[in-house]
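Asks: sequence and computational prediction follow.
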Amino acid sequence: MWPMDTPNAPSRTRWSALMSGPEAAFTYRKRFLDLESSGEDIHGEARFITELVPPPSRVLDAGCGYGRVASKLTRLGHTAIGVDADEHLIALASEDPETRFFVADLATLHLRTEQEFHAVVMAGNVVTYLADGTLPAVLERLSAHLAPGGYLVSGFGLAGSVPDGAAAVDLRTYDRLAEAVGLSFIARYSTWDKDPFRPTSTYAVSVHRRTHG
Ligand SMILES: C[S@@+](CC[C@H](N)C(=O)[O-])C[C@H]1O[C@@H](n2cnc3c(N)ncnc32)[C@H](O)[C@@H]1O
């Protein structure tokens with residue numbers, strides 16, 4: 001069970017309702033690998049985090065999927081840990097022997113390294129694929145894993161631009177729930193390249209910092 005202090009069986013998420021099983025996991029990874037081989041940049045999130053917290057920092061990739069961001073963070077010199085509720089994606093992620101990956105539900109996450117992360121990242125629409133009603137618990141658990149002054153960074157599509165099977169999350173609600181668990185709003189962009197966020201933006205990269213609680 002290491003490094004969890006308590007058992008943490010993943011619950012059904014919007015992602016698992018849409019994609020589950022080894023084939024779905026393999027296809028999901030292949031989509032990114034194909035993009036990368038065709039010259040697309042698939043590492044904007046890892047670069048963003050590295051500008052925020054220079055290596056070597058401790059970074060938690062929350063909802064890490066096949067480990068795209070966590071493995072890149074490791075290669076950039078961070079100590080990265082990835083957790084995801086999908087055991088098949090974690091099996092693929094674990095092909096990277098340099099990064100630690102665990103099957104875990106973010107809504108009940110309890111790593112032994114609570115309060116130690118310099119940054120937690122939820123990349124690739126994790127927020128919109130959570131189980132309905134669990135965002136407050138997820139934010140509370142992620143805040144608890146941040147060191148004082150640590151950053152929570154998330155990127156997700158907004159109403160009208162959420163992917164299949166996902167649920168739109170209102171940014172005012174997100175900021176209010178974050179504030180309630182000790183996370184102050186720092187900045188918001190419309191891309192991982194830090195393009196400005198505007199009222200018409202369809203994607204939000206949000207940065208909060210653990211300042212209280
Ligand atoms: C669109 S994928 C993004 C994967 C990865 N972050 C990336 O950008 O490549 C969304 C991920 O969120 C994970 N997820 C959703 N709810 C979760 C929860 N409660 N606990 C852990 N992982 C969760 C899913 O299992 C899925 O791997």
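Replies: Now that the structure is in, tell me what you want to look at.

Asks: C-alpha from now on. contacts and neighbour counts both.
Replies: Will do.

Asks: check contacts around residue 169.
Replies: Residues in contact with residue 169 (C-alpha atoms under 8 Å, 6 or more residues apart in numbering) are 127-128, 158-159.

Asks: which residues of this protein fall in helices?
Replies: Secondary structure of the chain (DSSP state H): helices at 14-18, 22-37, 44-52, 68-75, 87-93, 135-145, 171-180.

Asks: next, format the ones you listed as JSON lines and append mean pLDDT and mean neighbour count.
Replies: Below are those laid out as JSON lines (pLDDT from 0 to 100; neighbours: other C-alpha atoms under 10 Å):
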{"stretch": "helix 14-18", "mean pLDDT": "94", "mean neighbour count": "16"}
{"stretch": "helix 22-37", "mean pLDDT": "96", "mean neighbour count": "14"}
{"stretch": "helix 44-52", "mean pLDDT": "98", "mean neighbour count": "18"}
{"stretch": "helix 68-75", "mean pLDDT": "98", "mean neighbour count": "23"}
{"stretch": "helix 87-93", "mean pLDDT": "98", "mean neighbour count": "22"}
{"stretch": "helix 135-145", "mean pLDDT": "98", "mean neighbour count": "22"}
{"stretch": "helix 171-180", "mean pLDDT": "98", "mean neighbour count": "16"}
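
Asks: possible to save those as TSV with distance to residue 61?
Replies: Converted to TSV, the helices of the chain look like this (distance: least, C-alpha to C-alpha, whole Å):
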stretch	distance to residue 61
helix 14-18	16
helix 22-37	16
helix 44-52	10
helix 68-75	6
helix 87-93	12
helix 135-145	10
helix 171-180	18
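
Asks: can you tell me which of those is nearest to residue 188?
Replies: helix 171-180 (10.1 Å; C-alpha to C-alpha).

Asks: who touches the closest one?
Replies: 136, 139-140, 184-185, 208.

Asks: if we can go back for a sec, out of the contacts of residue 169, which touch the ligand?
Replies: Among the contacts of residue 169, no residue is within reach of the ligand (C-alpha under 6 Å from any ligand atom).

Asks: contacts only, for residue 95.
Replies: Applying C-alpha under 8 Å, 6+ apart, no residues contact residue 95.

Asks: measure the residue sitting furthest away from the middle of the chain to residue 31 for me?
Replies: In the chain, the greatest distance from the average C-alpha position (C-alpha atoms, centre = their mean) is reached by residue 38, at 24.7 Å. Taking C-alpha to C-alpha, to the nearest Å as the measure, residue 38 falls 11 Å from residue 31.

Asks: same question for residue 107.
Replies: Applying C-alpha to C-alpha, the value for residue 107 to residue 31 is 27 Å.

Asks: what does residue 11 give?
Replies: Counting by C-alpha to C-alpha, the gap from residue 11 to residue 31 is 25 Å.

Asks: can you check residue 41 too?
Replies: For residue 41, the distance to residue 31 (C-alpha to C-alpha) stands at 13 Å.

Asks: and the pLDDT at the residue nearest to the spatial centre of the chain?
Replies: Geometric centre of the chain, nearest residue: residue 122, 1.7 Å, by C-alpha atoms, centre = their mean. Residue 122 carries a pLDDT value of 98.

Asks: same check, this time on the one 5 residues further on
Replies: On the pLDDT scale, residue 127 is placed at 98.
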